[in-house]
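Asks: got a predicted structure plus its sequence, pasted below:
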Amino acid sequence: MTTSTETVTDPAPPTSRERILQAATELFAERGYDATSTRTIADAVGLNIATVAYHVGGKPDLYREVVRRGHEAQRDAMARPLLELGATGPDPTEVRAALGRFVDAYLDFCVANPHVPALWMRRWLSEGADVAEIETDYAGPLVREVSSVVRAVLDRAGMAAGLDVDMLVFTIVWTSHSFVRAGIIDHSGRRLAPDESAMLRRFRAHLHDVVDRLVDRP
């Protein structure tokens with residue numbers, strides 16, 4: 001009788017470049033661009049500044065790469081929900097359901113990747129002002145694409161003709177990011193974490209209600 005054995009190999013350890021990017025992502029998200037030095041990032045991965053520069057360039061280059069990776073992860077996660085939303089027929093009930101699924105997909109992405117909302121909220125506080133192309137290259141085109149799809153779907157269904165769709169999209173973004181980073185303060189002053197299932201369900205229902213009320217306007 002012959003027996004076969006499977007050789008189990010450990011996954012390859014992350015490269016130096018990947019370790020640098022992971023550390024930079026955490027530090028930029030938690031401390032912000034201005035308060036995070038290249039030396040701090042180098043110390044976090046046990047490398048010297050010259051090695052960090054060799055792998056990723058200077059601090060602005062590292063920041064651009066961190067934001068680009070976060071943006072691409074967000075764009076990839078939302079590609080299918082946005083495609084499905086755009087394919088929705090003219091029935092208002094279908095439109096509301098499709099918008100709800102899109103909102104859920106975005107909220108779920110933010111909950112699973114809290115560093116992405118953190119990076120953008122830091123930008124809102126004018127962090128990294130010397131890297132000014134971030135909004136032009138990433139945020140602007142994505143907002144334009146989402147708003148265009150939402151406007152087309154609403155028009156097809158004859159819904160919310162006077163709605164400011166850009167503000168609708170940003171309302172979803174602003175509230176999701178704030179919830180994921182801050183949670184909720186209850187009446188006793190206790191902060192409830194966003195990953196508590198009951199609190200997440202409550203916020204999700206509220207966000208659906210906000211979107212439904214906006215798109216159901218005369």
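Replies: Good, I have the coordinates. Numbers count the residues shown, from 1 in each chain.
Asks: who does the longest helix seen in the chain touch, helix- and strand-wise?
Replies: The longest helix of the chain (DSSP state H) is helix 59-86. Applying 3 or more Cβ pairs under 8 Å, 6 or more residues apart in numbering; DSSP states H and E, one finds that helix 59-86 contacts helix 16-31, helix 38-45, helix 49-56, helix 92-112, helix 115-124, helix 140-156. Where you see a C-beta, it was placed from the backbone N, CA and C, and this is true even at glycine.
Asks: repeat the analysis, applying 7 Å as the threshold.
Replies: helix 16-31, helix 92-112, helix 115-124, helix 140-156 (3 or more Cβ pairs under 7 Å, 6 or more residues apart in numbering; DSSP states H and E).
Asks: name the residues that touch the shortest one?
Replies: Translated: helix 115-124. 25-26, 28-30, 32-33, 67, 70, 73-74, 110, 134, 177, 180-181 (Cβ atoms under 7 Å, 6 or more residues apart in numbering).
Asks: quick check: angle from that helix to helix 16-31?
Replies: Angle of helix 115-124 versus helix 16-31, following axes from the mean of the first three to the mean of the last three Cα atoms, to 10 degrees, is 60 degrees.
Asks: any idea how far stretch 97-110 is from the chain center?
Replies: Distance of stretch 97-110 from the chain centroid (Cα atoms, centre = their mean, to the nearest Å) equals 12 Å.
Asks: paired strands for the worst-scoring helix or strand of the chain on mean pLDDT, with orientation please.
Replies: Ranked by mean pLDDT, DSSP states H and E, the weakest helix or strand in the chain is strand 191-192, scoring a mean of 86. As defined by DSSP bridges, the strand partners of strand 191-192 come to strand 184-185 (antiparallel).
Asks: picking up where we left off before, weed out the non-buried ones from the contacts of helix 115-124.
Replies: 25-26, 28-29, 32-33, 67, 70, 74, 110, 134, 177, 180-181 (16 or more other Cβ atoms under 10 Å).
Asks: can you put the residues you listed in JSON lines and add pLDDT and distance to Leu142?
Replies: Output for the buried ones among the contacts of helix 115-124, formatted as JSON lines (pLDDT from 0 to 100; distance: Cβ to Cβ, whole Å):
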{"residue": "Thr25", "pLDDT": "96", "distance to Leu142": "19"}
{"residue": "Glu26", "pLDDT": "96", "distance to Leu142": "23"}
{"residue": "Phe28", "pLDDT": "96", "distance to Leu142": "19"}
{"residue": "Ala29", "pLDDT": "95", "distance to Leu142": "19"}
{"residue": "Gly32", "pLDDT": "93", "distance to Leu142": "22"}
{"residue": "Tyr33", "pLDDT": "94", "distance to Leu142": "20"}
{"residue": "Val67", "pLDDT": "95", "distance to Leu142": "12"}
{"residue": "Gly70", "pLDDT": "95", "distance to Leu142": "12"}
{"residue": "Gln74", "pLDDT": "95", "distance to Leu142": "8"}
{"residue": "Cys110", "pLDDT": "96", "distance to Leu142": "14"}
{"residue": "Ile134", "pLDDT": "91", "distance to Leu142": "12"}
{"residue": "His177", "pLDDT": "96", "distance to Leu142": "14"}
{"residue": "Val180", "pLDDT": "95", "distance to Leu142": "18"}
{"residue": "Arg181", "pLDDT": "92", "distance to Leu142": "19"}
